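Engineer: need a structure here:
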Amino acid sequence: MKILSHPTVTALGIATLCFLPTISTLVEPAHLAIYHVSGSSASIFVPVILDLAVVSLLISIVFRFAQYPGRIATTIWLATIVFLPWILLKSLTSVANAPLHHWLSMSIAGVSVILFLALLFFWRPSFQAPFESARSFVSTLLAFTALSGAVLVLQLLWCSWQAHALNAPRALHQRQSASVGPTPKQRIIWIVLDELSYKQVYERRFPGLQLPAFDRLASQSTVFTHVVPAGIYTQEAVPTLMTGIPINHIRSSVAGALSIHNASSNTWESFDPHNTVFQDALNGGYTTAIAGWYNPYCRILPQVLDHCFWTNHLALPHNLVANTPLAYSLLDPIPGALSVVCAFAHMAMCPPSRDRNLHVQDYHDIFAAADTLLADPSVNFVFLHLPVPHPDGIYDRKAATFATAPTSYIDNLALADRYLNHLQQFLQQHNAWDSSTIVVMGDHSWRTKLLWSSSPGWTSEDQAASNGGQFDDRPAYIVKLPHQQQPERFDAPFAAVHTRALLDAILSNRIHSPSELSSWASQQASAHTALQ
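Structural biologist: Numbering: from 1, shown residues only. Here you go, the predicted model:
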């Protein structure tokens with residue numbers, strides 16, 4: 001059929017393949033990319049839709065010249081036939097979350113270039129028959145891809161509409177005077193330092209790494225040395241910590257409503273903010289607050305929070321980031337659409353990765369929001385979730401400044417220590433350090449070989465610090481009780497899923513001393529072992 005080779009159809013097919021990783025991210029059934037967007041949903045949907053339309057138009061103009069027999073048409077279709085397998089492989093592996101290693105991608109691209117130039121230079125009339133067969137096959141393939149692309153565009157438009165109020169302000173908890181409980185006896189500050197490893201902080205510290213704030217904290221806290229993590233990924237681990245429910249998967253509606261998979265009952269449930277430690281704190285008369293990263297706290301917990309701030313600027317595939325100017329956002333997905341060009345002129349032609357700057361921005365934003373909360377003495381149950389020491393490295397510990405070039409997890413550990421030092425000094429200035437309960441933990445440990453050792457940001461220092469990428473799953477877990485001055489250790493296995501129960505015991509004033517904490521933790525550990 002003539003329509004199968006129409007330039008518009010061919011162009012949409014090629015553009016769909018180029019943009020497939022980004023489009024699939026935005027329309028996949030669990031909607032996790034949309035769930036984690038902290039800005040305007042339009043700022044991620046509109047650039048993709050516009051770029052797909054513009055790139056399709058430009059490619060269709062090129063293929064209009066391929067409608068007429070001759071050298072130009074042969075060159076255009078030959079390039080399409082030769083480079084299409086590479087583009088297809090790059091897109092499909094990215095969609096499958098197993099992208100090609102850079103060296104392999106470049107090797108395939110190099111072979112494609114050599115093959116294209118060789119065929120073009122040594123073209124013979126005898127090549128025409130197999131060329132026509134290949135062109136017919138590729139044209140049909142692109143036509144069916146274009147049909148899929150049209151369906152994907154409709155999905156994009158529908159998802160964009162459903163997510164239009166994704167981060168509209170939610171009404172926070174309003175305390176009624178009649179429901180005010182007893183005056184809390186202490187202030188509780190619960191801190192998650194993302195990807196904080198016990199081994200790297202307290203057991204096998206990298207030579208020369210100084211962590212004075214962690215050492216001071218340990219000197220007046222109970223350090224748990226064998227914590228069983230609540231999960232490997234933040235999006236499951238933190239809800240597990242908050243609810244006490246073992247959650248092994250999550251999914252979201254297009255509008256951002258969270259559902260959790262309960263590993264114990266093997267059922268999917270709607271996330272209930274009232275079944276969290278924040279509701280427990282409200283019941284105890286506490287004022288609740290969050291300043292956090294990555295998880296959409298203000299969207300999923302507004303009913304049980306008196307104060308809330310969250311941010312997450314992690315880039316989607318192809319550096320697509322919410323709440324960036326449209327003129328700049330339009331360039332973000334282009335590397336996928338122009339992968340052939342970008343592979344050979346990436347630094348000159350394609351937008352650079354902004355992940356490091358965005359990571360730094362998130363840190364500064366949460367730092368400022370946390371200080372605002374901590375300066376208010378009426379806010380007495382505070383949850384802080386900071387994006388360090390989570391890779392990639394954003395800090396240069398030797399220069400004691402934020403980095404402009406890639407650094408290591410060890411550098412980010414130094415930044416986490418710097419934040420703890422700031423926290424202690426800030427609370428001491430407000431006469432609140434000694435009298436407060438401070439709980440510091442990692443949501444999970446440093447995911448060396450599970451995630452980072454194969455990433456571009458992995459450094460030789462990371463390799464040395466992890467002893468060749470070895471994975472230790474124990475997150476750091478430190479509890480300082482009010483007026484505690486002596487160090488304690490809890491060496492038995494302790495499941496982090498009991499964090500809500502621990503905070504409840506502290507909220508209800510059932511734990512007063514390190515010995516009572518150890519006794520309570522031993523009971524939880526024994527009960528957990530008996531259930532296994």
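Engineer: pLDDT of stretch 376-390, averaged?
Structural biologist: For stretch 376-390, mean pLDDT is 97.
Engineer: and if you look at stretch 404-422?
Structural biologist: The average of the pLDDT scores along stretch 404-422 is 96.
Engineer: got the buried residues for it?
Structural biologist: 407-421 (16 or more other Cβ atoms under 10 Å). The way it works is simple: take the backbone N, C-alpha and C, and place the C-beta from them, glycine included.
Engineer: ditto for stretch 81-95
Structural biologist: Of the residues in stretch 81-95, those buried by neighbour count under the rule 16+ other Cβ under 10 Å are 81-84, 86-87, 90-95.
Engineer: likewise stretch 378-388?
Structural biologist: Using 16+ other Cβ under 10 Å as the test for burial, stretch 378-388 gives 379-388.
Engineer: After the least confident helix or strand in the chain by mean pLDDT, which helix or strand is next?
Structural biologist: Using mean pLDDT, DSSP states H and E, the weakest-scoring helix or strand in the chain turns out to be helix 339-349, at a mean of 37. Past helix 339-349, heading to the C-terminal end, the next element that is a helix or strand (DSSP states H and E) is helix 355-374.
Engineer: Residue 44 contacts residue 26, correct?
Structural biologist: Yes - A contact is recorded between residue 44 and residue 26 when judged using Cβ atoms under 8 Å, the distance being 7.0 Å.
Engineer: hang on, the earlier thing: turn the buried residues of stretch 81-95 into a markdown table, columns for distance to residue 51.
Structural biologist: Conversion of the buried residues of stretch 81-95 to a markdown table gives the following (distance: Cβ to Cβ, whole Å):
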| residue | distance to residue 51 |
| --- | --- |
| 81 | 25 |
| 82 | 24 |
| 83 | 20 |
| 84 | 20 |
| 86 | 20 |
| 87 | 16 |
| 90 | 17 |
| 91 | 15 |
| 92 | 20 |
| 93 | 21 |
| 94 | 16 |
| 95 | 18 |
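Engineer: In CSV: these, plus pLDDT, secondary structure and distance to residue 221.
Structural biologist: Compiled in CSV, the buried residues of stretch 81-95 are given as follows (pLDDT from 0 to 100; DSSP: H, G, I helix; E, B strand; the rest coil; distance: Cβ to Cβ, whole Å):
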residue, pLDDT, secondary structure, distance to residue 221
81, 94, helix, 65
82, 94, helix, 62
83, 92, helix, 59
84, 92, helix, 59
86, 90, helix, 54
87, 88, helix, 54
90, 86, helix, 49
91, 86, helix, 49
92, 87, helix, 49
93, 86, helix, 46
94, 82, helix, 44
95, 83, helix, 45
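Engineer: Closest to residue 428 out of the residues you listed?
Structural biologist: Distance to residue 428, by Cβ to Cβ, is smallest for residue 94 among the buried residues of stretch 81-95, at 48.8 Å.
Engineer: In terms of helix, strand or coil, where does the residue nearest to the closest one when sequence neighbours are not counted fall?
Structural biologist: With Cβ to Cβ, 6 or more residues apart in numbering as the criterion, residue 94 has its nearest non-adjacent residue at 3.9 Å, and that residue is residue 21. Local secondary structure at residue 21 is given as helix here, using DSSP: H, G, I helix; E, B strand; the rest coil.
Engineer: What about residue 21, how many residues nearby?
Structural biologist: Around residue 21 sit 22 other residues, with neighbours defined as other Cβ atoms under 10 Å.
Engineer: quick one: it and residue 221, what's the gap?
Structural biologist: 44 Å (Cβ to Cβ, to the nearest Å).
Engineer: Domain ranges for this protein, per the record?
Structural biologist: Residue ranges of the domains in the chain are recorded as 2-162, 185-245+274-306+379-531, according to automatic domain parsing.
Engineer: looking at the ones you listed, which has the lowest confidence?
Structural biologist: Per-stretch averages of pLDDT across those put domain 2-162 at the bottom, with a mean of 90.
Engineer: Return the distance of it from the chain's centre.
Structural biologist: Computed by Cα atoms, centre = their mean, to the nearest Å, the separation of domain 2-162 from the middle of its chain amounts to 27 Å.
Engineer: mind checking the backbone torsions on residue 187?
Structural biologist: Its backbone dihedrals place residue 187 at phi -110, psi 140, with angles given as degrees, to the nearest 10.
Engineer: On the three-state scheme, residue 16 is what?
Structural biologist: Three-state call for residue 16 (three-state DSSP): helix.
Engineer: hmm, who's touching stretch 64-75?
Structural biologist: The contact list for stretch 64-75, computed with Cβ atoms under 8 Å, 6 or more residues apart in numbering, reads 7, 76-77, 120, 123, 131.
Engineer: Please repeat the previous calculation with a cut-off of 7 Å.
Structural biologist: Contacts of stretch 64-75 with the rest of the structure, by Cβ atoms under 7 Å, 6 or more residues apart in numbering, involve 7, 76-77, 120.
Engineer: next SSE after the longest helix seen in the chain?
Structural biologist: The longest helix of the chain (DSSP state H) is helix 128-162. Going down the chain from helix 128-162, the next helix or strand is strand 187-193, by DSSP H and E.
Engineer: Give me the sheet partners of that next one and which way each runs.
Structural biologist: With DSSP bridges as the criterion, the sheet partners recorded for strand 187-193 are strand 381-386 (parallel), strand 436-441 (parallel).
Engineer: Of all these, which one comes closest to residue 526?
Structural biologist: Distances from residue 526 to each of the strands paired with strand 187-193 were compared using Cβ to Cβ; the shortest belongs to strand 436-441, at 21.2 Å.
Engineer: Just the residues contacting the next helix or strand after that closest one, thanks.
Structural biologist: Going down the chain from strand 436-441, the next helix or strand is helix 460-465, by DSSP H and E. For helix 460-465, the surrounding residues in contact (Cβ under 7 Å, 6+ apart) are 200, 206, 408-410, 452, 469.
Engineer: and which of those is nearest residue 55?
Structural biologist: Distances from those to residue 55 were compared by Cβ to Cβ; the smallest belongs to residue 452, at 32.7 Å.
Engineer: count of neighbours near residue 436?
Structural biologist: Summarising burial for residue 436: neighbours were counted as other Cβ under 10 Å, giving 20.
Engineer: need the contact list for it.
Structural biologist: For residue 436, the contact set (Cβ under 7 Å, 6+ apart) comprises 186-187, 189, 427, 482.
Engineer: Relative to residue 107, which of the residues you listed is nearest.
Structural biologist: residue 189 (51.4 Å).
Engineer: ok so, going back, now neighbour count and distance to residue 170 too, for the contacts of stretch 64-75, in TSV please.
Structural biologist: Rendered in TSV, the data for the contacts of stretch 64-75 read as follows (neighbours: other Cβ atoms under 10 Å; distance: Cβ to Cβ, whole Å):
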residue	neighbour count	distance to residue 170
7	17	47
76	18	52
77	20	53
120	14	59
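Engineer: nearest to residue 214, of these?
Structural biologist: Within the set of these, residue 76 lies nearest residue 214; the separation is 60.9 Å, counting by Cβ to Cβ.
Engineer: which residue packs closest to the closest one, ignoring adjacent ones?
Structural biologist: Using Cβ to Cβ, 6+ apart and skipping residues adjacent in sequence, the residue nearest residue 76 is residue 66, 4.2 Å away.
Engineer: which residues sit against the helix or strand hosting residue 215?
Structural biologist: Assessed by DSSP H and E, residue 215 sits inside helix 212-218. Residues external to helix 212-218 that are found in contact with it (Cβ under 7 Å, 6+ apart): 201-202, 417, 420-421, 424, 440, 478, 480, 487.
Engineer: Roughly how far does residue 60 sit from residue 493?
Structural biologist: Counting by Cβ to Cβ - residue 60 and residue 493 are separated by 62 Å.
Engineer: meant to ask about residue 277
Structural biologist: Residue 277 sits 22 Å away from residue 493 when distances are taken as Cβ to Cβ.
Engineer: and these two? which has more neighbours close in?
Structural biologist: For residue 277 and residue 493, the more surrounded residue by other Cβ under 10 Å is residue 277, and the numbers stand at 24 against 14.
Engineer: who's in contact with the more buried one?
Structural biologist: Remark: with contacts taken as Cβ under 7 Å, 6+ apart, residue 277 is in contact with 242, 500, 503-504.
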